[in-house]
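Colleague: Show me the folded form of this:
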Amino acid sequence: DDVPPLTVMPAAQATAPQQLAAAHPGGPAARKEALALYRRCLAHYRQRMQAGQPEDDVGAAAAYFVLACVAALQQIDVSPAQLALVERQMRRLLGQHPAWRQADAAERQALFEQFAVLGVLVGESQHEARRQGPAARANVQRAARGYLRQLLGLQPDHLQLGDHGLVLRLPVQPLADALKDAGAA
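Modeller: Residues are numbered from 1 along each chain as shown. Below you'll find the predicted structure:
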């Protein structure tokens, strides 16, 4: 079933680039460069992914972010069809969450901006890292892992992209260990 978009009107002044830049390591010059980068990432997302739509879609930005991270971790390319599937999943997941229902427009807009900025940052970084080699790929993977844990509370290495969207695959405990654990309980 279709889940309606989780849209919010763009804020007159974006807040996520400043918040992300304020947490950036280094001095004032590094934070100023980071702010410019984050602003470019947000503009890039709106130009490329929203194609002139007047409202921001939090579910679409969340899907883009999650798939950028999964693509970086698993070194895969994501198709538009896979993005559409995960977008529906994110809309359902976020739209049903109590925090979403309680959030005001400014909080929803800030969430959109974070997903959009970090999705573009990870996506573009992982494409560049593929050309730069293993050390660069490992650095992007480390960042992607951290973002997924921080923003979604997910164990990144258990995420897999399948025919029906994103699935969480829990590690299989060997039967002997499971029986041993059950006997100890």
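Colleague: helix/strand/coil for the most centrally placed residue in the chain?
Modeller: Against the mean C-alpha coordinate of the chain, by C-alpha atoms, centre = their mean, the closest residue is Phe65 at 2.6 Å. The local conformation at Phe65, judged by DSSP: H, G, I helix; E, B strand; the rest coil, is helix.
Colleague: per-residue pLDDT, it?
Modeller: The confidence metric pLDDT takes the value 96 at Phe65.
Colleague: What residues does it make contact with?
Modeller: Contacts for Phe65 were tallied using C-beta atoms under 8 Å, 6 or more residues apart in numbering; they are Phe115, Ala116, Leu118, Gly119, Val122, Tyr147, Leu151. Heads up, the C-betas are built off the backbone N, CA and C, glycines and all.
Colleague: Report the secondary structure state of the fourth one.
Modeller: What it means is Gly119. With three-state DSSP as the criterion, Gly119 was assigned helix.
Colleague: Apart from its chain neighbours, what residue comes closest to it?
Modeller: Distances taken as C-beta to C-beta, 6 or more residues apart in numbering place Phe65 nearest to Gly119, at 3.6 Å, with adjacent residues excluded.
Colleague: what's next to the host helix or strand of Leu85, contact-wise?
Modeller: Of the helices and strands defined by DSSP states H and E, Leu85 is found in helix 80-96. Contacting residues not belonging to helix 80-96 are listed as 2-6, 58-60, 62-64, 66-67, 100, 161, 164-166 [C-beta under 8 Å, 6+ apart].
Colleague: okay, now the nearest residue to Leu67 once chain neighbours are set aside: neighbour count?
Modeller: Distances taken as C-beta to C-beta, 6+ apart put Val78 closest to Leu67, at 4.7 Å, once the chain neighbours are dropped. Neighbour count of Val78, defined by other C-beta atoms under 10 Å: 18.
Colleague: Could you shift the numbering so residue one becomes 54, and keep it that way?
Modeller: Right, with 54 as the first residue, what we last looked at is Val131.
Colleague: mind listing what Val131 touches?
Modeller: By C-beta under 8 Å, 6+ apart, the contact set of Val131 is Leu120, Ala121, Val123, Ala124, Leu214.
Colleague: need those in CSV with distance to Arg183 and secondary structure, can you?
Modeller: Formatted as CSV, the entries for the contacts of Val131 read as follows, by distance: C-beta to C-beta, whole Å; DSSP: H, G, I helix; E, B strand; the rest coil:
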residue, distance to Arg183, secondary structure
Leu120, 16, helix
Ala121, 13, helix
Val123, 15, helix
Ala124, 10, helix
Leu214, 17, strand
